[in-house]
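> Okay, structure incoming, though there's no sequence with it:
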């Protein structure tokens with residue numbers, strides 16, 4: 001009996017600590033994945049003021065905080081990223097910070113990173129599989145810096161001056177390699193040895209694109225991995241890169257009514273509800289099929305000068321896991337009563 005109790009307690013402990021009981025593969029859609037909120041940030045300027053907006057799953061406004069006051073050159077809200085239910089937003093213009101907001105209420109929690117020696121134009125934010133926050137500095141100092149979730153510096157920055165151009169994004173791949181998005185002259189993906197490598201920050205590849213229609217457009221950024229492929233925002237939509245990064249193909253389709261001259265696509269994020277969400281400079285949030293890139297629908301509109309976008313979600317436990325946890329809690333309660 002003692003061995004059985006030990007085994008059951010071990011399984012219960014694994015469930016409670018998040019260890020998988022049954023091997024599961026990530027899918028394009030997951031019925032247990034629940035979208036709680038789409039959070040967008042308003043870039044700001046003389047008008048409107050910069051801030052963050054929380055949208056309900058139906059696209060209507062849940063909360064908004066558009067009261068951030070920046071410096072004399074505008075506010076420049078750029079990227080948004082969620083990690084462990086904490087919302088981080090980069091301020092690419094003065095005062096050049098990474099700020100934290102409460103994703104459930106929109107409350108401004110203050111500057112998390114304001115080290116202008118490391119970030120003077122933070123354009124992109126992303127968390128790596130190593131748990132570190134990667135901040136891509138746009139210009140004039142081309143680097144990618146690493147911080148922990150509380151803003152403490154981790155190691156030496158990736159100085160990527162060999163790019164000699166604007167940096168609009170970076171992402172750490174599961175292979176431990178840092179993928180940096182060069183925005184112009186020509187737009188490209190440049191790879192660097194990641195923090196776990198023997199020579200972190202060493203340039204190991206430059207994937208420029210010939211002018212034959214397969215290259216990334218200028219001002220591209222926000223590289224992200226999805227289902228093993230690298231995707232980049234190309235200012236007119238999302239581009240998918242080939243496995244060897246030699247070809248970039250526009251992956252999303254035009255929607256006809258909501259994209260046009262002078263309208264720029266901005267940050268995007270993949271969801272497990274079958275859609276990829278993308279913010280546009282004209283204030284719209286559009287949805288595309290997250291497998292084919294085909295235009296699906298307008299999620300929300302009527303905002304102003306959008307820049308960043310992040311998806312807040314949670315996963316419902318599988319029924320078997322939830323039942324096991326419930327049974328386990330009952331058993332633990334009964335054991336405590338017996339021990340008294």
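That came through, no problem. None of these values were measured; they are calculated from a predicted model. Numbers count the residues shown, from 1 in each chain.

> Not counting sequence-adjacent ones, nearest residue to the residue minimising distance to the centre of the chain?
Nearest residue to the geometric centre of the chain (Cα atoms, centre = their mean): residue 81, 4.7 Å. The spatially closest residue to residue 81, leaving aside those adjacent along the chain, is residue 125, at 4.4 Å (Cβ to Cβ, 6 or more residues apart in numbering). Every residue, glycine included, has its C-beta placed from N, CA and C.

> can you give me the mean pLDDT across the helix or strand where that neighbour lies?
Per DSSP states H and E, residue 125 falls inside strand 122-127. The average pLDDT within strand 122-127 is 93.

> Could you tell me the angle between the very next helix or strand once past it and strand 122-127?
Proceeding N to C from strand 122-127, the next assigned helix or strand is strand 133-137, under DSSP H and E. Angle, strand 133-137 to strand 122-127, by axes from the mean of the first three to the mean of the last three Cα atoms, to 10 degrees: 160 degrees.

> Strand 133-137 packs against which elements?
strand 122-127, strand 143-147, strand 167-172, strand 177-182 (3 or more Cβ pairs under 8 Å, 6 or more residues apart in numbering; DSSP states H and E).

> Distance from it to the middle of the chain?
Relative to its chain's centre, strand 133-137 lies at 12 Å (Cα atoms, centre = their mean, to the nearest Å).

> one step back: what helices and strands are in contact with the strand holding residue 125?
Looks like strand 122-127 contacts strand 77-83, strand 86-91, strand 97-101, strand 133-137, strand 167-172, strand 221-226 (3+ Cβ pairs under 8 Å, 6+ apart).

> Would you give the sheet partners of the fourth one, along with the direction of each?
Each strand that pairs with strand 133-137, with its direction, by DSSP bridges: strand 122-127 (antiparallel), strand 143-147 (antiparallel).

> Rebuild the ones you listed as CSV, extending it with distance to residue 115 and mean neighbour count.
As requested, the strands paired with strand 133-137 are exported to CSV (distance: least, Cβ to Cβ, whole Å; neighbours: other Cβ atoms under 10 Å):
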stretch, distance to residue 115, mean neighbour count
strand 122-127, 10, 24
strand 143-147, 8, 23
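
> Any figure for the gap between the residue nearest to residue 316 when sequence neighbours are not counted and residue 313?
Excluding the flanking residues, the one nearest residue 316 by Cβ to Cβ, 6+ apart is residue 32, at 4.4 Å. The gap separating residue 32 from residue 313 is 10 Å, by Cβ to Cβ, to the nearest Å.

> For the stretch 201-340 of the chain, give me the ranges with low pLDDT.
Within the stretch 201-340 of the chain, the ranges that satisfy pLDDT under 70 run 210-214, 256-261, 320-340.
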